[in-house]
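Participant: I'll drop the sequence and a predicted model, then ask my questions.
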Amino acid sequence: MLEASGAWQEWQRAQCRAVLARRLPVAADDPPAEILDSWARCLQQGLDFERPLPLIVVEDADLRRRRERAGRVRQLALVELETLMQQIAGSSFLLAFADAEGVVLDRYADQRFVTSTAGEGIPAGSLWTERAAGTNGLGTALACGRPVAVNGPEHFFGQFSHIACTAAPIRDADGTVIGALDASCCFDSRQRHTQALVQMAAAHIENVLLAEQRRQHWVLALHPRPEFVGTLSAGLLAFDGEGRLSAFNGRAVGLLSGLAVQRGAAFEQLFNEPFDRFLGRLRAEGATRLRDAMNSVLAVACVQPGEPAAALPLVGSAGPAVVHARAQPTPSAPLSPEVGEDPAVLQAQALVAAAVRRQLPILIQGETGTGKELLARHAHQASGRSGAFVPVNCGAVPAELFEAELFGYVGGAFTGARRQGQAGLLASAQGGTLLLDEVGELPLPLQAALLRFLDDGLLRPVGGRQLQAVDVQVLAATHVDLEAAVAQGRFRADLLYRLNTVSVKLPPLRLRSDFDQVATRLLHTLQPDARLQPAALRRLAQHGWPGNFRELRACLARVLLTHPTGLIDAADVHAVLPPRPQASEHGPSQLQRGATEAVLAEFRRCGSVSRTARCLGISRTTVYRHLREAGLLAA
Ligand SMILES: Nc1ncnc2c1ncn2[C@@H]1O[C@H](COP(=O)(O)OP(=O)(O)OP(=O)(O)O)[C@@H](O)[C@H]1O
């Protein structure tokens, strides 16, 4: 916050509230602190909410000079912008790279956005400092040195209140801000994931710059788990020949929190070992572990002075000898055509693909049957990992057997165990991906064991003493609100924060914008020559679909049974749909109630859980859940 007197702060907040109240139809809460700080800076610089400033665009010659001066960071930014283009394809957006002075040097835009008024308003050469354009993504990220999102009315000038921007500054190895990336789109079509993608892109550029600019130093990549050493979650630290810290990235500060991560710090201030001894170990045995000064063990990969920067796993293609061999991800896995064209779904798909390439844990949320497992399979494919995809339903395995199932057991570990013991699911996912489906159902003691595994990547088979390191990409899926489960003490907060490093939410069928396409495609997989009349599609779209894709498939299969000719009209659809509440645009609790009522109606009609599950195309667990919610079964 700015240094300011209480009266000035009060006046400034009153101004902000007054302006927001005018811009928003309903009373708004205070905007986030970084927005208030930015508005305060704008007011201090003499800007007036009521008097927008004309856009400043630098001359062509100046733009050329700036592009030349930006050099390497611009080269890297252009590569990242191209990748981002593919990742957020389908939504209407503009991506920009600006220099440290806030001048847009390059922009990539979706055709729809570039020809809109908003898109035309952000040309190459335009100046976006707060002084020139008030609070905005690029200007505010550059001013505060942190990633920011500026949504619609949070822009200082009302003329930008139809735009949402998310921007992240880029720092060089000295920690100086040398540019920023931004993604802007129309406020109404903003996507929550864009912010994470922009931040990951900026972090990647910073890592490459650090490795390149400290080529003559020892560059270490660290993480508590070995398989994360080659990902964006790793901390990077560069040490000169004397063992003095010369550069580090933001993740390193987080991983070594509590220690003096600052330029000039001695290796020994951060680690429990003299620098020379560590180098000796590195030469002799290719050291892969280090203890920090708080005695935590970290996996480490190291690039020696003079080695090409690309030797560092997360900045180039060739891995150094000291890191585990790891399957190289495919650069951009093709999108599965089955998934659909809904922008939120495409966005989720792009985000998981980007996250697995960096081996980050992902939490996939969505109602039952929305395609969470399908998305997880896509993520596995996109990771390029050579091991197996192993899905496990945490609600289906009895709690007392689950630990053995997941971690494996040694012979004679418990009554009924096989004599020779058995490897667990985690071991079967070695080099591949484990999907923990219905992770909210994981019993509390197992949550602790899973957390321990996520922290150190070591398998502890039940009844055994030997630890085994495995390299597994962990994905989790859930249809329940895990934050609420945490509040109720049913789920560990620390585990949730590990699992949801990246989190995506799949929309239910009733809210998908591509409903007609997915229904038609699903019908064709059942009977290629079948056709849905437009009125039949409309009737289908009115239904609430508590079982989402499973229910839709079961319904289409029923229609085809009675209409083998395959030309389906609204009455045919109506005949196989149970009476139930219509799709609603209201809040989730009402939708949830609608789904429970629909399951209850079907249960009353057919009288058994199994038949209800079959008719609706949902699992029996889901039917039981709704019956519990309706009070028909004990919780
Ligand atoms: N976009 C889609 N188009 C057609 N079928 C789909 C689509 N998404 C999912 N399905 C199908 O719907 C069924 C349920 O999908 P999936 O198992 O991935 O959902 P889920 O969200 O994991 O369900 P649950 O929460 O009950 O485990 C599967 O048969 C899957 O093939």
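Facilitator: The structure has been received and is ready for your questions. Numbering: from 1, shown residues only.
Participant: now the residue nearest the centre of the chain. Nearest residue, chain neighbours left out?
Facilitator: Taking C-alpha atoms, centre = their mean as the criterion, Val502 is the residue nearest the geometric centre of the chain, at 3.2 Å. Spatial nearest neighbour of Val502, excluding adjacent residues (C-beta to C-beta, 6 or more residues apart in numbering): Ala355 at 4.2 Å. All C-beta spots, glycine's among them, are computed from the backbone N, C-alpha and C.
Participant: check contacts around the one you found.
Facilitator: Residues in contact with Ala355 (C-beta atoms under 8 Å, 6 or more residues apart in numbering) are Met200, Ile362, Ala379, Thr501, Val502.
Participant: the helix or strand containing it close to the ligand?
Facilitator: Element membership of Ala355, judged by DSSP states H and E, is helix 343-357. No - Helix 343-357 does not reach the ligand (C-beta under 6 Å from any ligand atom); its nearest approach is 7.5 Å.
Participant: picking up where we left off before, wait, the residue nearest to the centre of the chain sits on Pro361?
Facilitator: Yes - using C-beta atoms under 8 Å, Val502 is in contact with Pro361, at 7.1 Å.
Participant: tell me the gap between stretch 48-60 and the middle of its chain.
Facilitator: Remark: stretch 48-60 is offset 35 Å from the chain centroid, using C-alpha atoms, centre = their mean, to the nearest Å.
Participant: in it, which residues are buried?
Facilitator: Neighbour counts over stretch 48-60 (16 or more other C-beta atoms under 10 Å) mark Phe49, Val58 as buried.
Participant: can you tell me, leaving aside adjacent residues, what's nearest to Leu298?
Facilitator: Leu298's closest residue in space is Leu222 (C-beta to C-beta, 6+ apart), at 4.6 Å.
Participant: residues touching the one you found, list them.
Facilitator: Val229, Ala234, Gly235, Leu236, Leu237, Ala252, Leu255, Leu290, Leu298, Ala299, Val300.
Participant: the fourth one should be in a strand, yeah?
Facilitator: Yes - applying DSSP: H, G, I helix; E, B strand; the rest coil, one finds Leu236 inside a strand.
Participant: if we can go back for a sec, can you lay out the contacts of Ala355 as a markdown table showing distance to Ser126?
Facilitator: Listed next are those as a markdown table, based on distance: C-beta to C-beta, whole Å:
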| residue | distance to Ser126 |
| --- | --- |
| Met200 | 25 |
| Ile362 | 36 |
| Ala379 | 37 |
| Thr501 | 35 |
| Val502 | 32 |
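Participant: how about the residues of the stretch 451-600 of the chain near the ligand?
Facilitator: Counting by C-beta under 6 Å from any ligand atom, the residues of the stretch 451-600 of the chain near the ligand are Ala477, His479, Val518, Leu522, Phe549, Arg550.
Participant: neighbours of the second one, how many?
Facilitator: In this case it means His479. A count of nearby residues for His479, using other C-beta atoms under 10 Å, gives 21.
Participant: next one: it from Gln75, what distance?
Facilitator: 44 Å (C-beta to C-beta, to the nearest Å).
Participant: do stretch 614-631 and the ligand meet at all?
Facilitator: Yes - shown here: stretch 614-631 in contact with the ligand (C-beta under 6 Å from any ligand atom) through Ser619.
Participant: now that stretch: average pLDDT?
Facilitator: Mean per-residue pLDDT for stretch 614-631: 74.
Participant: give me the buried positions along it.
Facilitator: The neighbour-count check on stretch 614-631 (16+ other C-beta under 10 Å) flags 615-619, 621-627, 629 as buried.
Participant: quick one: contacts of that stretch?
Facilitator: 368-369, 395-396, 438, 546-547, 550-555, 578, 592, 595-600, 602-603, 606, 609-610, 612-613, 633-635.
Participant: check which helix or strand the residue lying farthest from the centre of the chain maps to.
Facilitator: Relative to the mean C-alpha coordinate of the chain, counting by C-alpha atoms, centre = their mean, the farthest residue is Thr565 (44.5 Å). Here Thr565 sits in a region with no helix or strand, counting by DSSP H and E.
Participant: contacting residues around Gly424?
Facilitator: Each residue near Gly424 by C-beta under 8 Å, 6+ apart is listed here: Ala404, Glu405, Leu406, Phe407, Gly408, Tyr409, Leu459, Pro461.
Participant: of these, which belong to strands?
Facilitator: Leu459 (DSSP state E).
Participant: okay if I get the contacts of Gly424 as TSV plus distance to Asp276, pLDDT and neighbour count?
Facilitator: As requested, the contacts of Gly424 are exported to TSV (distance: C-beta to C-beta, whole Å; pLDDT from 0 to 100; neighbours: other C-beta atoms under 10 Å):
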residue	distance to Asp276	pLDDT	neighbour count
Ala404	46	79	21
Glu405	47	80	18
Leu406	42	85	23
Phe407	39	86	23
Gly408	41	81	23
Tyr409	44	75	21
Leu459	35	85	21
Pro461	39	78	22
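Participant: tell me the one of the contacts of Gly424 nearest Leu55?
Facilitator: Lowest distance from Leu55 to the contacts of Gly424 (C-beta to C-beta) belongs to Leu406, with 57.3 Å.
Participant: ok, the closest one - contacts?
Facilitator: By C-beta under 8 Å, 6+ apart, the contact list for Leu406 reads Val392, Gly424, Leu425, Leu426, Leu446, Ala449, Leu450.
Participant: for the residue farthest from the centre of the chain, grab phi and psi.
Facilitator: Dihedral pair for Thr565: phi -70, psi -30, per degrees, to the nearest 10.
Participant: before we move on, the earlier item: quick one: which of the contacts of Ala355 is most hemmed in?
Facilitator: Ala379 (29 neighbours).
Participant: any weak-confidence spans in the stretch 501-635 of the chain?
Facilitator: Counting by pLDDT under 70, the stretch 501-635 of the chain has low-confidence residues at 579-594, 605-607, 617, 631-635.
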